[in-house]
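Participant: Structure here, sequence nowhere to be found:
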Ligand SMILES: Nc1nc2c(ncn2[C@@H]2O[C@H](COP(=O)(O)OP(=O)(O)O)[C@@H](O)[C@H]2O)c(=O)[nH]1
Ligand SMILES: Nc1ncnc2c1ncn2[C@@H]1O[C@H](COP(=O)(O)OP(=O)(O)O)[C@@H](O)[C@H]1O
């Protein structure tokens, strides 16, 4: 396998010629990539005390510089950083780091999410998303009327598979119930603060539900994904619609009660709502049921009559029938990217030559396969593959 990879590298480099490679000649802090008439300058600031990788855009047509709004978690600044554009919609950034999450990143410049943000804000926007090795499992959205058993089913899943699933902790303006904990069940917040954060692009989706504002922040999803877990979201039908339209590539599941009468019984038995709130939830349930069943938003509909049966069906849908055989996404080796290196792109392969700015003298090569990239900000770009490291001397 190692020899095969070496062959690919040599062959690709012969075809492309080294001059197309993007050398890290800026070494210290910055690297540049041009897409169309825009040149993206990516790196630290003018001095090396800058904490995060910054982005500036140079418009070649007008000669103007623009500082874009940067969404997503900014990576830490470092020396020896390389960038290469992929499909004109995102730039691959490679930096030194202990795990792939730390060293392979994407700066999205024209993806669906970024285009939406540009429209809303009327200004230049870019967004960071971290590279995820392989096909990390898709996020799971659970929707359904209040009292149907979403929370119960999610708790069962998280208890049985604690290392496989992580809950996306939403923000809400509603008051906490007796046993609910801030930061665990919800991030309880105020309307003005949440409005501002939505405006600042910190939310994947948000909706007004039963008279309160609810939303999923980019960070809530990142926390789960960073822990190597599959993200579960408990969100309403409006939120599910937004997720369906986004690049999150989630599996969307709608939970139905066996009857409206049983839904009312469960809501009342739960004893968490006032009479007024129970009636409001039941009124909304009619609309949600209609939309859930007929809107085409959802991939699957489950009936929660007998709880154990419903839970088994849910596991079946998620491909985890029977015993808890959960395995965590394996930790992959990071890239010890030296300041001296170069990066080449050929079709769907990215070749990183380490140890020297002259590719033909590289002491170590890393080949990334970017043929199956999926998703993107907010969250992660999945489907990245690292072909085995190739150590060899050049004649
Ligand atoms: N769009 C959206 N809906 C959410 C979010 N978090 C919770 N919800 C939905 O808000 C509704 C009310 O949730 P909650 O106040 O916990 O009450 P419950 O459903 O009666 O337990 C439910 O339909 C949830 O699925 C979110 O982040 N976004
Ligand atoms: N299949 C079921 N049969 C009977 N009661 C259920 C079932 N599923 C959930 N419950 C109960 O119904 C109530 C509402 O469930 P919950 O998970 O809080 O709903 P949701 O999160 O959808 O609002 C809880 O008291 C829960 O124990």
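Facilitator: Structure's in. What do you need? These numbers were taken from a predicted model, which means no experiment stands behind them. Numbers count the residues shown, from 1 in each chain. Ligands and ions are numbered 1, 2, ... in the order given.
Participant: tell me the secondary structure for residue 61?
Facilitator: Secondary structure assignment for residue 61 (DSSP: H, G, I helix; E, B strand; the rest coil): coil.
Participant: State the number of residues packed around residue 264.
Facilitator: Residue 264 has 17 neighbouring residues, counting by other Cβ atoms under 10 Å. The way it works is simple: take the backbone N, C-alpha and C, and place the C-beta from them, glycine included.
Participant: whoops, I mixed them up, residue 276
Facilitator: Using other Cβ under 10 Å, the number of residues around residue 276 comes to 8.
Participant: what helix or strand does it sit in?
Facilitator: helix 275-294 (DSSP states H and E).
Participant: Spell out which residues of the stretch 251-395 of the chain are next to ligand 2.
Facilitator: Taking Cβ under 6 Å from any ligand atom, the part of the stretch 251-395 of the chain that reaches ligand 2 is made up of 266, 269, 270, 304, 307.
Participant: Go again with 5 Å.
Facilitator: With Cβ under 5 Å from any ligand atom as the criterion, the stretch 251-395 of the chain meets ligand 2 at residues 266, 270, 304, 307.
Participant: Ok, the stretch 1-150 of the chain next?
Facilitator: Residues of the stretch 1-150 of the chain found near ligand 2 (Cβ under 5 Å from any ligand atom) are 146, 147, 148, 149, 150.
Participant: Would you convert these into CSV that also reports neighbour count?
Facilitator: As requested, those are exported to CSV (neighbours: other Cβ atoms under 10 Å):
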residue, neighbour count
146, 23
147, 23
148, 28
149, 23
150, 21
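Participant: three-state assignment of residue 85?
Facilitator: Three-state call for residue 85 (three-state DSSP): strand.
Participant: so it bridges to which residues?
Facilitator: Residues in a beta bridge with residue 85, per DSSP bridges, are residue 91.
Participant: pLDDT value on it, please?
Facilitator: Note for residue 85: predicted pLDDT of 88.
Participant: Residue 33 is in contact with that one, correct?
Facilitator: Yes. Under the contact definition of Cβ atoms under 8 Å, residue 85 touches residue 33, with a separation of 5.0 Å.
Participant: if I look at these two, which residues touch both of them?
Facilitator: Any residue near both residue 85 and residue 33 by Cβ atoms under 8 Å, 6 or more residues apart in numbering counts here, and that gives residue 91.
Participant: What distance do you get for residue 41 to residue 102?
Facilitator: Distance of residue 41 to residue 102, computed by Cβ to Cβ, to the nearest Å: 22 Å.
Participant: still on that earlier bit, give me the subset of the residues of the stretch 251-395 of the chain next to ligand 2 lying in helices.
Facilitator: With helices defined by DSSP state H, the entries of those inside them are 266, 270, 307.
Participant: what sits against the last one?
Facilitator: So the one you mean is residue 307. Residues in contact with residue 307, defined by Cβ under 8 Å, 6+ apart, are 149, 152, 153.
Participant: name the element the residue nearest to residue 156 when sequence neighbours are not counted belongs to?
Facilitator: Taking Cβ to Cβ, 6 or more residues apart in numbering as the measure, residue 156 lies nearest to residue 311, with 5.3 Å between them; neighbours along the chain are not counted. For residue 311, the element it lies in under DSSP H and E is helix 307-317.
Participant: Next secondary structure after that helix?
Facilitator: Next along the chain after helix 307-317, taking DSSP H and E as the criterion, comes strand 341-346.
Participant: Please point out which parts of that next one sit buried.
Facilitator: For strand 341-346, a neighbour-count test (16 or more other Cβ atoms under 10 Å) marks 341, 342, 343, 344, 345, 346 as buried.
Participant: Surely the second one and residue 83 touch.
Facilitator: Right, residue 342. No. Counting by Cβ under 8 Å, residue 342 does not reach residue 83; the two are 11.8 Å apart.
Participant: ok, back up a step: among the contacts of residue 307, name the ones in helices.
Facilitator: Going by DSSP H, the helices hold 152, 153 from those.
Participant: neighbours of the closest residue to residue 240 other than its chain neighbours, just the number please.
Facilitator: Setting aside the residues directly before and after it, residue 240 is nearest to residue 143 in space (Cβ to Cβ, 6+ apart), at 4.7 Å. Residues within reach of residue 143, counting by other Cβ under 10 Å, total 25.
Participant: how about the residues of this structure near ligand 1?
Facilitator: 146, 170, 207, 209, 214, 215, 216, 234, 235, 236, 239.
Participant: Kindly reformat the buried residues of strand 341-346 as CSV containing distance to residue 174 and pLDDT.
Facilitator: Compiled in CSV, the buried residues of strand 341-346 are given as follows (distance: Cβ to Cβ, whole Å; pLDDT from 0 to 100):
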residue, distance to residue 174, pLDDT
341, 51, 75
342, 53, 78
343, 48, 81
344, 53, 82
345, 49, 83
346, 53, 80
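Participant: would you turn those residues into CSV with distance to residue 297?
Facilitator: Below are those laid out as CSV (distance: Cβ to Cβ, whole Å):
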residue, distance to residue 297
341, 45
342, 46
343, 40
344, 42
345, 37
346, 40
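Participant: ok so, going back, let me know the closest of the residues of the stretch 1-150 of the chain next to ligand 2 to residue 115.
Facilitator: residue 150 (31.7 Å; Cβ to Cβ).
Participant: who are the neighbours in contact with residue 168?
Facilitator: By Cβ under 8 Å, 6+ apart, residue 168 lies in contact with 139, 216, 220, 221, 224, 231, 232, 233, 234.
Participant: now, which of the residues you listed sits nearest residue 122?
Facilitator: Nearest to residue 122 among these is residue 216, at 24.2 Å by Cβ to Cβ.
Participant: Can you list the strands that the helix or strand where that closest one lies pairs with?
Facilitator: When elements are assigned from DSSP H and E, residue 216 belongs to strand 212-217. Strand partners for strand 212-217, identified by DSSP bridges, are recorded as strand 171-172 (antiparallel), strand 203-209 (antiparallel).
Participant: buried ones in that strand?
Facilitator: For strand 212-217, a neighbour-count test (16+ other Cβ under 10 Å) marks 213, 214, 215, 216, 217 as buried.
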